[in-house]
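> give the three-dimensional model of this entry:
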Amino acid sequence: MKRLSAIVLAIVTASCGGPSVEEPTDVHQVSWSGVGPQDNDATAALYLEPVTISELRDLLLSSDASELDVALHEGIFSTLEGRYSRSFDQMSLVLAASPESVQGAVAAYLLSALTDRVPYSVDRAREAVEAVQGKPMSTLTAVFLAKICATMAVFEYQQSADENDAPFDGSQWGLPPVWRILGPIARYPHYDFDRASLAQADFRLGDEYFRDGFDLETRLYYPSNDLVGRFPPGGGLHLAETWLHLDAPIERLLIVDTNDDVLVELDGQEVLRRTNTGDYQATVSVTPIRFGPGWHRIRVRFGFDDQDAAFRLQLASPEAIPTSLEFAAEPPADAVMGEIRTLASGQLRTLDMLPAGVLETSSVTLIHHGLRLAQGLGDPATTMALVDRLEEQESLSPLALTALSLPEAQLESPNGAANRRVNMLQRVLDIDPEIHHASLALAAAYLLSDQENEAMALVRSADESLPDELNMSVARFQMLDYLALPELAEDELEWALQLDPENCSVVDWLSQQYVTREYYPDVDQLPEGFRTCQSGVRYQVDQALVNGDAERALELLRRLRSRQPHDAQLFHKFVSVLVAQGHTSEAREQLEEADAWTLTPSERTLLLADMHLAEDRQAQALNILGGDEPPEDVQSNRQLAAVQAMLSGSALLSDLRIDTYEAISNYNARQLPTSSGIIYALDYGAYRFFENGRGVSLTHQILHILSREALGSQGEVSIPGGAIPLRIATIKPDGTILTPEQSLGRETISMPNLEVGDFIEVEYMEYLSVSETVQGMFRLPRFYFQVFDAPLAISMLVLQVPESWPEIQLDSRAGAPVPEINVADGRRSYYFTAEEVVPPVQEYNAPPFSEVLPSVRPSNHATWEHIAAAFSDSALRVVRPTGAIARKVAELTEGIDSEREQIRAIFQYVVEDIEETGGFLSTDAVWTLRQDEGERLPLLLALLESAGFPNELLFARSWANDNTPNAAPDADDYPFTLVRVWLSDGDVIWLEAVDNAEFDFIPPAIQGNTGIVVLSDRSSVGTQVQLPVWPVETNTQVIDLDLQIDEAGNLVGHATELVPLSNAGYLREALSMVDDDRVIIQELERGMSSSFQGVSVTGFDISDSDVPEQPLQVSYDFQAQGFARQDQGVLVVDTRIFDRGLLSAYASAPTRQYPIMISEPLHEVMTVHWHFPAGWEIEQLPENRSFSSFGINVTWQASAGTDGEQLVLSRSTDIPVGRIPASEYQALREYLTEIDNVEAIRLRAQAR
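Below is the predicted model:
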């Protein structure tokens, strides 16, 4: 993802107008310029209470939010979660649908922040923000927009003033008090957006804290990936705040263990000031204070020059230890509403806010503040004037920072922005040649200008100016990470750990890199620091869980718990793993023993309820939750309320659930075959969608176990990740229900006391995410009404959608049930039912299940454009033509003038040198390039793009034209992926990035079929393309045998085979792996042993296998002993050396259930020339036979040679891709039987 520059932030927020808020009669009524509220109290509270993203989504699902608001907030949630590609989709939808609305303004802001590869300029975002003033908006939108403006204001201006100045509180710049509430943390404006996302902007005091007695310890990390993070001296200033609720008063606030400047405010009153004395252990007390029980706001401003700085606050009470210490990233609604009322109307920032005489001042800090403001307001003249002032002051650090952050439009230089940056940084080095930060900054400027060679040379030369190689390695990591080169940055960290294996800061950074790309190697492959540093041990916990080693995870968690007994986050993970491993007794003991510092009453209540739910004790879970009237602290917890609602039967799918005992009773009344060992007494699926596009699903299956074999195959069950289990149980014939030890958090669940005759019940629900494109768009999984492994007593599918939605698309196949449609209560319901369905016979080489089993796939608004949108987003992330890609292209094409040959060189490198690891547009091309393994397709596309060759991506399938005319678009049905590349003269080259693929060739299975464009800069997505057909000779296998038989029946032969392009690649690869021709000869002898006995092969030869785009010719000589037999003066020669090839697979069954699906075409000509001893003649010539039907043409011919001593037998086969109806199978089988009956020819000796 492209990084967000400070300038984008500054310009976007420069025009943020504050919403004016009238004195509301209700605390949730917030308006913009006096216009009334736009949504209900529940939605208004979303950002005013400490809730999780999951809870926010659930709340939106049940609210009356508009389609636009749902899409907007889903984009916001995705941004908070770091899912930037999904946020990009949602914001694009909102901006396209309503560009002038408030939602459009927020969308424009986020789009400009997320990427610079889309046509949304900074100016467009600024105009959108200005346009929303005076327009109505929801409370949620108003608060979020205010947060944008205020946070960015703090982002720009919260840097410490000159030494001995008064502490900066925002008043110097005329900032309204809102930033104190809505701007929870400020960082340098050049800090990259990937790390300073909204999720981290909401960072609160206490994210990583340890509670021990009276102490609250918080560790905050400096944004160390920032290249110039140590500019200016002193490290800079950070802000953090949190709200805490006490049930006892506090009288004293201490700060210990720090050597940094700290200012602490409690409820807006300065209660502590700590000045750096250089004494790390210094403790500073404060004037006695007294704050009573209730909510209090703690705000901390601290500056430091240590990138691993920490401080500890101590809260002390003379009366009692607080038993309730609740933290919140956002204050409660009643506490914040007074602050929201102070939102200023009009501009937050103007040039008038610049201090008088800023252009004449010698204060570097003031110049820097003014520079940030001038940049944010898009004033290039003032910007450059201040840059000149910085140069005059010879201020090295701010000057280097400015050089990297200035946008090109403001760098007024004859040689362009790149040279101006380089010149400014070179000036820094001229002033102080030993300042390695400037060297790295200059290297970064080179990289920003695509001058990577110069950049890396400069970094290497900087080694000499750093006495500490470890610091140099860390500095290189910071630069590379800042420039979005994560793989190279990771290499630097691993090198740094080799220099200092015990460096926990490096371990922390490296573990973050590993987690980001989901890299979890074996433990013995981890650097040593991962075994000693706490962040490394935490990473090993996740690694063990990913690798399925829960016992090791528990061992590590116990070790961490001994060091950090009051870490709430660690405690939650520990208990979850205990439950997942079935250690419910120990988990319950941990819950009961946890003190108030580790677990709040609400958290304890929820976990205990979850414990009962895991054991399927719903009544106990309801009792823990307080029945119909839970305790006050439970009522305030939305997650608890949601669990209670689900348990008490008021869930969104409760009216669609099927009673277990009723289903078993109905099953017992049926008679079904029991040979399979299991029967599905119930196979049920239900989906319900709502007006806002969201939905929920229910899956309910009941299996009857009828054999001991089924006990082994069905004794472990699983549910999808993220699903909510409603009922998982063993049901005895007498109705007794046995639940597993636990049913949450494990990949599989062992069914308790399972015996033959028991039933297994699995019921779970899932939330369906809101549409990624338009309201009501979905593509559900295919639902099958017949399966191969067992009979179905009853198979049912229910689909409910709002009545206002258009008719649903139904892709029904192979005689799926016709739905009963009912409209009532504002819903349109589709009911599909199939009863007493026996399993079919699973034939050899059968077609795909989706082609032949009765099934239906419901969808709505499904188009290729929607499918391709996701691929396009993936391509933006993984197909990156970086400098490394460009260098590889130059290496591969060096000295090659022909465009075609350049593309060939790129293609051959990808398919021959890169090991495919699977996936589809999921692996970064740069990563694959560096590792020589990964996903080939992104690398191929990146290389082609870097080389300047236009290309597009297509899907194809071998039977696309005749399966179901009403099929909804679905990428899963298209197994072939092709790349079409254009040359400058308009010619086209076709590529397939798979093993053994031939250059400019597509598989015969799809030649002449239709391809679907899914990713292209030239064609419209969804465009159908007629795929070319190669000349028949390129797809035809030619076999020619010349056989000489002597009077004793021995045989000498010569074989010539022409291997078509479709198989040549596989043969070339096999030949490349064999050094000794003898190995090939042995394989030939083994292959011929089915037709001949006593075979020996000699004289093997093959045409040049390195010549591409040409069929391969293979020839060899062979001998066979006793091939023919003498019978009373007659030489009997067996002619059954013809392999029927593809058709032989279909001759085994007397009847067929399914059509024959031909997915691979066959074009073959086989000719056998028989030569007999002189004086022998043919007694009877075999009859010619032919078969022609459904596009298949086979001929079998025999003719005598002119000299009477030769017989020529030939067979030609032409089988295209397609299907043979089962009803016509008998004709093909009869023909194959006829060929079987032609066993031998008889030769009689003739008198000389």
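
> any weak-confidence spans in the stretch 951-1100 of the chain?
Scanning the stretch 951-1100 of the chain for pLDDT under 70 picks out the ranges 958-972, 1033, 1062, 1064-1066, 1068-1077, 1087, 1090-1092.

> what about the strands in it?
For the stretch 951-1100 of the chain, the strands defined by DSSP state E, counting those that start in this stretch cover 951-956, 976-982, 988-991, 1010-1016, 1024-1026, 1036-1045, 1051-1059, 1096-1102.

> repeat that for the stretch 651-800 of the chain.
Going by DSSP E, counting those that start in this stretch, the stretch 651-800 of the chain shows strands at 678-689, 695-705, 716-717, 724-731, 737-738, 749-750, 759-768, 778-779, 783-784, 792-802.

> so which of those gets nearest E835?
Across the strands of the stretch 651-800 of the chain, E835 has its closest neighbour in strand 792-802 (5.2 Å, Cβ to Cβ). Placement of C-beta: from N, CA and C, glycine included.

> report the separation between L1243 and E589.
The gap separating L1243 from E589 is 92 Å, by Cβ to Cβ, to the nearest Å.

> with mean neighbour count added, can I get the strands of the stretch 951-1100 of the chain in CSV?
Shown next, in CSV, are the strands of the stretch 951-1100 of the chain (neighbours: other Cβ atoms under 10 Å):
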stretch, mean neighbour count
strand 951-956, 23
strand 976-982, 19
strand 988-991, 20
strand 1010-1016, 21
strand 1024-1026, 13
strand 1036-1045, 18
strand 1051-1059, 18
strand 1096-1102, 14
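
> how about those strands in TSV, adding distance to T863?
Compiled in TSV, the strands of the stretch 951-1100 of the chain are given as follows (distance: least, Cβ to Cβ, whole Å):
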stretch	distance to T863
strand 951-956	14
strand 976-982	19
strand 988-991	25
strand 1010-1016	11
strand 1024-1026	13
strand 1036-1045	39
strand 1051-1059	42
strand 1096-1102	49
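
> looking at the ones you listed, spot the one closest to Y830.
Smallest distance to Y830 across these (Cβ to Cβ): 27.6 Å, for strand 1010-1016.

> how is L72 assigned, secondary-structure-wise?
The assignment at L72 comes out as helix when based on DSSP: H, G, I helix; E, B strand; the rest coil.

> quick one on the thing from earlier: which among the strands of the stretch 951-1100 of the chain is found nearest to A107?
Of all the strands of the stretch 951-1100 of the chain, it is strand 1010-1016 that lies closest to A107, at 24.1 Å by Cβ to Cβ.

> who are the packing partners of that closest one?
If contacts are counted by 3 or more Cβ pairs under 8 Å, 6 or more residues apart in numbering; DSSP states H and E, strand 1010-1016 sits against helix 864-878, strand 951-956, strand 1024-1026.

> what about 6 Å?
Packed against strand 1010-1016 by the contact rule (3 or more Cβ pairs under 6 Å, 6 or more residues apart in numbering; DSSP states H and E) you find helix 864-878, strand 951-956.

> mean pLDDT for the ones you listed: which is lowest?
For those, mean pLDDT drops lowest on helix 864-878, to a mean of 71.

> more neighbours, L1243 and E589?
Neighbour count, other Cβ atoms under 10 Å: between L1243 and E589, L1243 has more, with 23 against 12.

> from L608, how far out is E586?
According to Cβ to Cβ, E586 stands 14 Å off from L608.

> neighbour count winner among those two?
Higher neighbour count among E586 and L608: L608, with 18 against 15, using other Cβ under 10 Å.

> now V852: closest residue in space that isn't a chain neighbour?
Y1154 (4.7 Å; Cβ to Cβ, 6 or more residues apart in numbering).

> cool, and P840?
Leaving aside its chain neighbours, P840 sits nearest to Q1153 (5.8 Å; criterion: Cβ to Cβ, 6+ apart).

> domain map for this protein?
375-597, 600-650, 653-767+780-832, 866-1029, 1033-1245 (automatic domain parsing).
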